[in-house]
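Participant: This is the structure alone, sequence omitted:
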């Protein structure tokens with residue numbers, strides 16, 4: 001190297017440009033996502049861009065607005081579940097269980113789409129803050145807002161009446177018919193020992209079944 005040549009030292013400095021987030025960014029972005037959740041529950045999801053919605057939810061978490069996104073989700077889902085609960089409560093007679101089944105199916109479909117949109121929040125923000133995952137949250141909110149005795153205690157026990165007339169009574173009648181026919185068929189082709197073993201097994205199955213589906217207070221009374 002000649003004396004005329006000088007060694008040059010290059011130093012690369014860290015990029016210091018600060019990203020400035022629009023103060024209204026969080027509110028604007030949440031409104032987009034809130035509208036999408038409303039559309040999902042209103043069966044208007046076909047016109048939504050799920051890729052864009054996912055990106056918006058991703059950016060909210062990235063810019064530290066995960067708490068706003070999560071609390072907004074809770075409020076919006078609660079609103080729709082309360083509306084569903086009212087529709088279920090207004091159903092009468094045999095249509096009660098049908099309406100309950102329809103609303104449960106609608107909620108599960110909506111919950112799956114919402115979970116896909118908020119996947120990044122589900123994988124990052126929720127575990128780091130020890131919050132309830134989106135799917136479990138949706139099930140818990142359904143449980144807390146469903147139409148049952150708790151919702152109807154102030155309506156002269158309407159929930160108890162619906163349960164007894166539209167579910168418990170038909171359930172017990174169908175069960176009785178089934179076991180009556182089965183026992184008659186089985187006793188005709190089995191000896192006494194086999195019949196007693198079969199009866200004991202069915203009795204244990206029925207005890208387990210009623211503990212899951214019937215009102216615990218009514219089971220004790222029986």
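Facilitator: Yep, that arrived. Bear in mind the structure is a predicted one, so any value in this text is a computation, not a measurement.
Participant: show me the contacts for the residue nearest to residue 54 when sequence neighbours are not counted.
Facilitator: Spatial nearest neighbour of residue 54, excluding adjacent residues (C-beta to C-beta, 6 or more residues apart in numbering): residue 117 at 5.4 Å. The way it works is simple: take the backbone N, C-alpha and C, and place the C-beta from them, glycine included. Residue 117 makes contacts with 33, 36, 50, 53, 54, 57, as judged by C-beta atoms under 8 Å, 6 or more residues apart in numbering.
Participant: count of residues packed around the last one?
Facilitator: As a burial measure, residue 57 scores 28 neighbours (other C-beta atoms under 10 Å).
Participant: in what helix or strand does residue 172 lie?
Facilitator: helix 169-187 (DSSP states H and E).
Participant: what helices or strands is that helix leaning on?
Facilitator: Where contact means 3 or more C-beta pairs under 8 Å, 6 or more residues apart in numbering; DSSP states H and E, helix 169-187 is packed against helix 192-213.
Participant: can you give me the angle the helix it packs on makes with helix 169-187?
Facilitator: Angle, helix 192-213 to helix 169-187, by axes from the mean of the first three to the mean of the last three C-alpha atoms, to 10 degrees: 160 degrees.
Participant: I'd like to know which elements helix 192-213 is packed against.
Facilitator: helix 169-187.
Participant: Just the mean pLDDT for the helix it packs on, thanks.
Facilitator: Averaged over helix 169-187, pLDDT sits at 78.
Participant: now that helix, how far from the centre of its chain.
Facilitator: With C-alpha atoms, centre = their mean, to the nearest Å as the basis, helix 169-187 stands 35 Å off its chain's centre.
Participant: How about stretch 59-78?
Facilitator: Its chain's C-alpha centre and that of stretch 59-78 lie 17 Å apart, by C-alpha atoms, centre = their mean.
Participant: which other residues reach stretch 28-38?
Facilitator: For stretch 28-38, the external contacting residues (C-beta under 8 Å, 6+ apart) are 22, 45, 48, 53, 56-57, 59-60, 65, 68-69, 72-73, 76-77, 80, 110, 114, 117.
Participant: Now do the helices in the chain.
Facilitator: With helices called from DSSP state H, the chain shows them at 25-41, 50-62, 66-90, 95-117, 119-123, 125-129, 134-145, 149-152, 158-162, 169-187, 192-213, 216-221.
Participant: Mean pLDDT lowest where, among those helices?
Facilitator: Looking at those, the bottom one is helix 149-152 with a mean of 46.
Participant: just checking, residue 48 touches residue 39?
Facilitator: Yes. With contact defined as C-beta atoms under 8 Å, residue 48 and residue 39 form a contacting pair (6.1 Å).
Participant: residues touching residue 134, list them.
Facilitator: For residue 134, the contacting residues are 73, 111, 114, 115, 118, 121, 122, 126, by C-beta under 8 Å, 6+ apart.
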